[in-house]
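Trainee: Next input, structure requested:
(one chain, ligands or ions: 2)
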Amino acid sequence: MQATNNGLVKFPLASTFNIAVSDTATIMGFADTSNPFIPEINSSYVFRKEFVTEFRAFLHQPDGDAYYVTGPTGSGKTSGITEILGRLNWPVQQVTAHGRMELSDLIGHHALVSATPGAAPTMQFMHGPLALGMKHGHVLLINEIDMMDPSELSGLNDILEGRPLVIAQNAGEIIKPHPMFRVV
Ligand SMILES: Nc1ncnc2c1ncn2[C@@H]1O[C@H](COP(=O)(O)OP(=O)(O)OP(=O)(O)O)[C@@H](O)[C@H]1O
Ligand SMILES: [Mg+2]
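Mentor: Ligands and ions are numbered 1, 2, ... in the order given. Reported below is the predicted structural model:
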């Protein structure tokens, strides 16, 4: 692992994924292994070289776009992504979409929260997976995205192009996309 100064590290591509690529090729990841959002890995997972190298290209340079994975049920779409990100110590905000899901479910909501068990609750804004991912540079992984209403998803376009998220319900809070934020 080669360390850089911003908490990022370069992992050797061939040995990290046990794939036949050049010994000098690397993939960017995080040095911190303690984030609770880093996916669990299965050490006997088998990687396909094409999948890893394509996804690596996206992780390195998303170019204002999300990464879309399609294929039959159980073909390794979700696990392919989480097994790669887990090895890179890249935290993931994972959600499964459904027909009634709205963009606001991904942004966050107000909730009554107690500071200690039994204490009188106060109303607080709880950031959803999109807001958390944008803020901290996590990957937002939306499973079954085709279940979601396209008009709700169109709100993601501005964000993918690098514009900030403005949360009107939380006093107009502005979240700029972290350079490591990705949408899959
Ligand atoms: N290359 C692989 N090596 C080892 N296990 C695998 C591999 N691909 C898939 N699996 C296993 O197969 C199961 C199904 O994979 P996964 O959940 O990733 O599929 P999926 O394409 O996301 O399915 P769905 O369409 O239902 O969401 C998981 O338990 C996963 O660990
Ligand atoms: Mg899946």
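
Trainee: So what pairs up with the residue most central in space within the chain in the strands?
Mentor: Centroid check for the chain by Cα atoms, centre = their mean gives V139 as the closest residue, at 1.2 Å. Assessed by DSSP bridges, V139 has beta-bridge partners V92, R182.

Trainee: Setting the sequence-adjacent residues aside, check what's closest to the residue of the chain found nearest ligand 2.
Mentor: Ligand 2 sits closest to T78 of the chain, with a gap of 3.1 Å, by Cβ to the ion. The way it works is simple: take the backbone N, C-alpha and C, and place the C-beta from them, glycine included. If the residues on either side of it in the chain are set aside, T78 comes closest to N143, at 5.8 Å by Cβ to Cβ, 6 or more residues apart in numbering.

Trainee: ok, now which ones touch that neighbour?
Mentor: 78, 94-97 (Cβ atoms under 8 Å, 6 or more residues apart in numbering).

Trainee: Across the sheet, point out what pairs with it.
Mentor: Taking DSSP bridges as the rule, N143 bridges to T96.

Trainee: What segments of this structure are helices?
Mentor: 13-17, 49-60, 77-87, 103-107, 129-136, 150-153, 155-160 (DSSP state H).

Trainee: Any buried residues in the first one, and which?
Mentor: Within helix 13-17, the residues scored as buried using 16 or more other Cβ atoms under 10 Å are 13-14, 16-17.

Trainee: pLDDT wise, what is G76 at?
Mentor: G76 carries a pLDDT value of 96.

Trainee: how close does it get to V52?
Mentor: 12 Å (Cβ to Cβ, to the nearest Å).

Trainee: Who has more neighbours out of these two?
Mentor: Of the pair G76 and V52, V52 is the one with more neighbours under other Cβ atoms under 10 Å, namely 21 against 16.
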